[in-house]
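Peer 1: No letters, just coordinates:
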């Protein structure tokens, strides 16, 4: 997933929500929060040519949410706010990179169209 950002940003936070898919509808499973400042200061990128993407560290992000046996207002809050969560939901491997571009273009496509990893 490529997300164009313009700096300076009005907020220092990126929020990603993870949903499941089933016949009854999409349910919020867990949320991930990232600090833009922390992402940009993680790795030394000396020796890169102009226009090359600046790579940052890959890391595992643990996902927490509410126990799937519960529902209601408190369950929704635990799935939305990871610090309030009580149950480990899994992990996601995340890699960041930064491309300095004067005219970024946001492209949208369905995830199902691209079967590559």
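Peer 2: On my side now, so go ahead. Note that the structure is a prediction, hence the values are computed from the model and not measured.

Peer 1: Give me the pLDDT for residue 67.
Peer 2: Note for residue 67: predicted pLDDT of 85.

Peer 1: Contact partners for the closest residue to residue 68 other than its chain neighbours?
Peer 2: Using CB to CB, 6 or more residues apart in numbering and skipping residues adjacent in sequence, the residue nearest residue 68 is residue 87, 7.7 Å away. Every residue, glycine included, has its C-beta placed from N, CA and C. Applying CB atoms under 8 Å, 6 or more residues apart in numbering to residue 87 gives the contacts 64, 65, 66, 67, 68, 78.

Peer 1: What is the longest helix belonging to the chain packed up against?
Peer 2: Assignment by DSSP state H gives helix 73-80 as the longest helix of the chain. Other helices and strands packing on helix 73-80, by 3 or more CB pairs under 8 Å, 6 or more residues apart in numbering; DSSP states H and E, are strand 27-35, strand 54-65.

Peer 1: export the ones you listed to JSON lines and tack on mean neighbour count?
Peer 2: Below are these laid out as JSON lines (neighbours: other CB atoms under 10 Å):
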{"stretch": "strand 27-35", "mean neighbour count": "16"}
{"stretch": "strand 54-65", "mean neighbour count": "15"}
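
Peer 1: Out of the ones you listed, which is closest to residue 9?
Peer 2: Closest to residue 9 of those is strand 27-35 (CB to CB; 10.9 Å).

Peer 1: Residue 82 and residue 14, how far apart?
Peer 2: Distance, residue 82 to residue 14, by CB to CB, to the nearest Å: 13 Å.

Peer 1: Show me the common contact partners of the two, please.
Peer 2: residue 33.

Peer 1: neighbour-wise, which of those two wins?
Peer 2: When neighbours are counted by other CB atoms under 10 Å, residue 82 and residue 14 differ, and residue 82 comes out ahead with 18 against 15.

Peer 1: Next, the buried residues of the helix or strand of the chain with the lowest mean pLDDT.
Peer 2: Of all the helices and strands that make up the chain, the one with the lowest confidence by mean pLDDT, DSSP states H and E is helix 36-40; it has a mean of 77. Neighbour-count burial for helix 36-40 flags 36, 39 (criterion: 16 or more other CB atoms under 10 Å).
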